[in-house]
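> quick check, what structure comes out for this input:
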Amino acid sequence: MARAPLLQLNDISLTFGGEPIFDALSLVVQPGDRVALVGRNGSGKSTLMKVMAGLVEPDRGERIVTPGTSVGYMEQEPEMKGFATLGEFAMSELDAGEMYRVEMAAEGLKFDPDRPVETASGGERRRAALAKLMAEAPELMLLDEPTNHLDIEAIGWLETQLRETRKGYVLISHDRAFLRELSRATLWIDRGMVRRQERGFEGFEAWRDKVWEEEDQQRHKLNRKIKAEARWAVEGISARRKRNQGRVRALQELRAERSSQIRRQGTAAMALDSGPSSGRKVIEADGISKRYDDKLILSEFSIKILRGDRVAFVGPNGVGKTTLLKMLMGEVAPDTGRVTHGTNLLPAVFDQARAQLAPEMSLWESLTGDIDMRVSGQADQVLVRGQPRHVVGYLKDFLFDERQVRAPVKSLSGGEKARLLLAKLMARESNLLVLDEPTNDLDIETLDLLQELLDDYDGTVLLVSHDRDFLDRVASTTIAMEGDGHATTYAGGWSDYRAQRGRDEVAPMEIKPEKTEGKAAKSKQDKSSKLNFTDKHRLEELPGVIARLEAEIAKLEGLLADADLFTREPVKFKKATEALSARQAALAQAEEEWLTLAEKAEAEG
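Residues are numbered from 1 along each chain as shown. Modelled structure (predicted):
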């Protein structure tokens, strides 16, 4: 017997400020659904999720929740008025005996339930809201950007919980690895239309590109037809005038159809100029350490960063990644050791707190008030890599419209603030980019473009991020900070770091699934001869890892097959050679790991 759907939206229409967000939208969420909700920033994902949660009333249509079904929504900015602590807020819908649920979620998501609400940061409030939802475990969970403000450990914990639950959920996230791991269906919002595909996010981009290709073909055919009919209208309308009026009206209808089509929003027209080259040595740290009171941040760390390197810093929140970054940049002095900089450095900094953006200033003022961007005597122009540009035109390159340029920064979404900061950053010449959590709130297409820009950037990049996919795409070196002052340097990105470190050693950076008492008893048995949960998951995961590494190696070998590359682009040749060596080492490690796990699985069978 078929089970009733958890939620239905029928013929939903919604308009904000005269412009339709959705029109005649319908969708169904079934029990156990694992749905990725994707679309460009501003496409209406969060609004649709609020309609699903019953928090936004549509202009037309109906929302149907099957009787007895509980729906939970993770709020982006939770209202905690009336609650003394974060734990009290997270417990508000539970019985006193269920406090353990909140405590488990608090441990996994890394927040203190006893923290007073009035002193909690925005990130702590969001983690408390997520813990509240996970502890309540409704039949349908609506999760809007749950991985924002989570470190890689906490993301791992959340992945495990969602992978093991039988509840249905809908996810909004820009974390590709998170969506690939958890989704089994995809809802795609594009220009007010919602399409559904019964495949997870892994197949989304191929599906999207195919839809857009078919759309372009249809538009091309329509334009050809309009052109032919317009030529007929000019040359042949004089004959049989009465009979031809129908054809004229048909031409008008074709033109109306073309006018009614909504053009796709383009990608931000971002560009990076590396400016004059720095010296070959960019930063060298020799035996640096740092301690704050009783907490050891860093112990005896050394590194030499050369021109063109892409260095990523990974580790749990609070472990000291940003502190190490500031030490390398000379903003924080080490307790011991020394940091020296190379010659001719032109740094540009994307800070995690967006401190370069004043909330009360308008977008216009944010650019024209920047002394590095000011054009003398021109209140409506800014300097962009040495060339004057009109403020409005430059902001349009970053997908802002004219109505927004005089609006205050505080009215922007998280993604829009990130784009505005990128606009300021990319207006300057630089040869050293410092990017502290640049991927938060950016949509997938903008992340793709940023990655491509960094690939082509001739300067040096220092990067802090919890986005594993982005780290794999960008980083050539990874510095792993794991607490107690330890910082270790590895070749390659996140996946390379894990492969080199080894499956058993990587345990501190992963969250293992909760074990029941029965499982705890079994764990005392000989682990060397049996696959545990993590081993089984890793065995399933490794073929995809191996295939990805093989594809990357083939791509790099194709690039290096160009005999003139070394002479023409020595920096790119060096990076490609280093990346090839790192990928080959990672592939060997992954293949060896797969063989070991496969032998254990065969022995069990």
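> now do the helices in the stretch 451-600 of the chain.
Assigned by DSSP state H, counting those that start in this stretch, the helices in the stretch 451-600 of the chain fall at 468-474, 494-501, 517-522, 533-560, 565-568, 570-604.
> and the last one, how far out from the chain middle?
Between the centre of helix 570-604 and the centre of its chain there are 25 Å (C-alpha atoms, centre = their mean, to the nearest Å).
> any idea which of the helices of the stretch 451-600 of the chain scores lowest on pLDDT?
Note on these: helix 517-522 shows the lowest mean pLDDT, a mean of 38.
> give the contact list for the most centrally placed residue in the chain.
With distances taken as C-alpha atoms, centre = their mean, the residue of the chain nearest its centroid is residue 174 (3.3 Å). Contacts for residue 174 (C-beta atoms under 8 Å, 6 or more residues apart in numbering) come out as 145, 439, 441-444, 447, 467. Every residue, glycine included, has its C-beta placed from N, CA and C.
> for residue 71, state which of those residues is nearest.
Closest approach between the contacts of residue 174 and residue 71, by C-beta to C-beta: residue 145, at 18.0 Å.
> quick one: residues contacting the closest one.
Contacts of residue 145 (C-beta under 8 Å, 6+ apart): 76, 172-174, 441.
> give me the three-state assignment for the residue nearest to the centre of the chain.
Following DSSP: H, G, I helix; E, B strand; the rest coil, residue 174 is assigned to coil.
> pLDDT at it, what is it?
88.
> which phi and psi does it have?
Main-chain torsions, residue 174, degrees, to the nearest 10: phi -100, psi 10.
> what does the helix or strand that contains residue 177 contact?
According to DSSP states H and E, residue 177 maps onto helix 176-182. With C-beta under 8 Å, 6+ apart as the contact definition, helix 176-182 has outside contacts at 34, 36, 38, 147, 155, 159, 162-163, 171, 173, 200-202, 444, 467-470.
> for ChimeraX, what selects the buried ones among those?
Buried residues among those (16 or more other C-beta atoms under 10 Å), as a ChimeraX selection:
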select :34,36,38,147,155,159,162,171,173,200,201,202,444,467,468,469,470
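> what about the contacts of helix 176-182, which are in strands?
Counting by DSSP state E, the contacts of helix 176-182 place 34, 36, 38, 171 in strands.
> wait, the third one touches residue 205, no?
No: between residue 38 and residue 205 there is no contact under C-beta atoms under 8 Å: 9.6 Å.
> which residues do those two both contact?
Counting by C-beta under 8 Å, 6+ apart, the shared contacts of residue 38 and residue 205 are residue 444.
> least trustworthy helix or strand in this structure by mean pLDDT?
Of all helical and strand segments in the chain, the minimum by mean pLDDT, DSSP states H and E falls on helix 517-522, at a mean of 38.
> residues in contact with the host helix or strand of residue 364?
Using DSSP H and E, residue 364 maps to helix 363-368. The contact list for helix 363-368 (C-beta under 8 Å, 6+ apart) reads 357-358, 373-374, 379-380, 382, 391, 394-395, 400, 404-407, 409, 412, 420, 423-424, 427.
> what's downstream of that helix, the next helix or strand?
Downstream of helix 363-368, the first helix or strand assigned by DSSP H and E is strand 374-375.
> pairing partners for that next one, with directions?
Strand 374-375 has these partner strands in its sheet, going by DSSP bridges: strand 378-384 (antiparallel).
> tell me who's in contact with residue 211.
Contact partners of residue 211, counting by C-beta under 8 Å, 6+ apart, are 190, 195.
> try it again at 10 Å.
Taking C-beta atoms under 10 Å, 6 or more residues apart in numbering, we find residue 211 in contact with 188, 190, 195, 197.
> nearest to residue 291, of those?
Residue 291 lies nearest to residue 188 out of the contacts of residue 211, by C-beta to C-beta, at 49.3 Å.
> now the closest one: closest residue in space, sequence neighbours ignored.
Closest residue in space to residue 188, ignoring its immediate chain neighbours: residue 195 at 4.9 Å, by C-beta to C-beta, 6 or more residues apart in numbering.
> and residue 334, by the same measure?
Computed as C-beta to C-beta, 6+ apart, the closest residue to residue 334 that is not its neighbour in sequence is residue 288, at 3.9 Å.
> ok, the one you found touching residue 326?
No: in this structure residue 288 lies outside contact range of residue 326 using C-beta atoms under 10 Å: 11.5 Å.
> quick check: domain ranges of the chain?
7-70+138-206, 281-501, 515-604 (automatic domain parsing).
> adding distance to residue 127, write these out as JSON lines.
Converted to JSON lines, the domains of the chain look like this (distance: least, C-beta to C-beta, whole Å):
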{"stretch": "domain 7-70+138-206", "distance to residue 127": "6"}
{"stretch": "domain 281-501", "distance to residue 127": "10"}
{"stretch": "domain 515-604", "distance to residue 127": "23"}
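> where in the stretch 101-250 of the chain is pLDDT low?
219-250 (pLDDT under 70).
> please enumerate the helices of it.
122-136, 152-164, 176-182, 204-236, 241-260.
> starting at the chain centroid, how far to the helix or strand just after the last one?
The reference is to helix 241-260. Later in the chain than helix 241-260, the nearest helix or strand by DSSP H and E is strand 281-292. Centroid separation for strand 281-292 versus its chain: 30 Å, with C-alpha atoms, centre = their mean.
> and stretch 55-73, by the same measure?
28 Å.
> quick check: buried residues in that stretch?
Neighbour-count burial for stretch 55-73 [16+ other C-beta under 10 Å]: 56, 58, 61, 63, 65, 69, 71-73.
> kindly report the same for stretch 148-166.
Those buried within stretch 148-166 under the rule 16+ other C-beta under 10 Å are 148-162.
> which residues touch the residue nearest to residue 334?
Residue 288 is in contact with 298-303, 324, 327-328, 333-339, 487, counting by C-beta under 10 Å, 6+ apart.
> check residue 44 too.
So, once contact is read as C-beta under 10 Å, 6+ apart, residue 44 ends up touching 14, 16, 20-22, 25, 50-51, 189-192, 194.
> with residue 331 instead?
Here residue 331 is in contact with 322-323, 325, 349, 434 (C-beta under 10 Å, 6+ apart).
> which two in the residues you listed are spaced the farthest apart?
Longest span within the contacts of residue 331, C-beta to C-beta: 323 and 349, 14.8 Å.
> hmm, back to that, in the contacts of residue 174, find the pair that's most separated.
Using C-beta to C-beta, these span at most 13.7 Å, a distance reached by 145 and 447.
> common neighbours of these two, please.
What both residue 145 and residue 447 touch, as defined by C-beta under 10 Å, 6+ apart, is the set 174-175.
> report the mean per-residue pLDDT for stretch 347-363.
In this model, stretch 347-363 carries a mean pLDDT of 81.
> next, the buried residues of it.
Those would be 347-351, 354, 357, 362-363, for stretch 347-363 by 16+ other C-beta under 10 Å.
> can you put the residues you listed in TSV and add distance to residue 95 and secondary structure?
As requested, the buried residues of stretch 347-363 are exported to TSV (distance: C-beta to C-beta, whole Å; DSSP: H, G, I helix; E, B strand; the rest coil):
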residue	distance to residue 95	secondary structure
347	54	strand
348	52	strand
349	48	strand
350	45	strand
351	43	coil
354	40	coil
357	43	coil
362	49	strand
363	48	helix
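> make TSV from those residues and add distance to residue 539 to it.
Below are those laid out as TSV (distance: C-beta to C-beta, whole Å):
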residue	distance to residue 539
347	44
348	43
349	42
350	38
351	41
354	42
357	46
362	54
363	50
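> what is the nearest of those residues to residue 532?
Nearest to residue 532 among the buried residues of stretch 347-363, with distances taken as C-beta to C-beta, is residue 350, at 39.9 Å.
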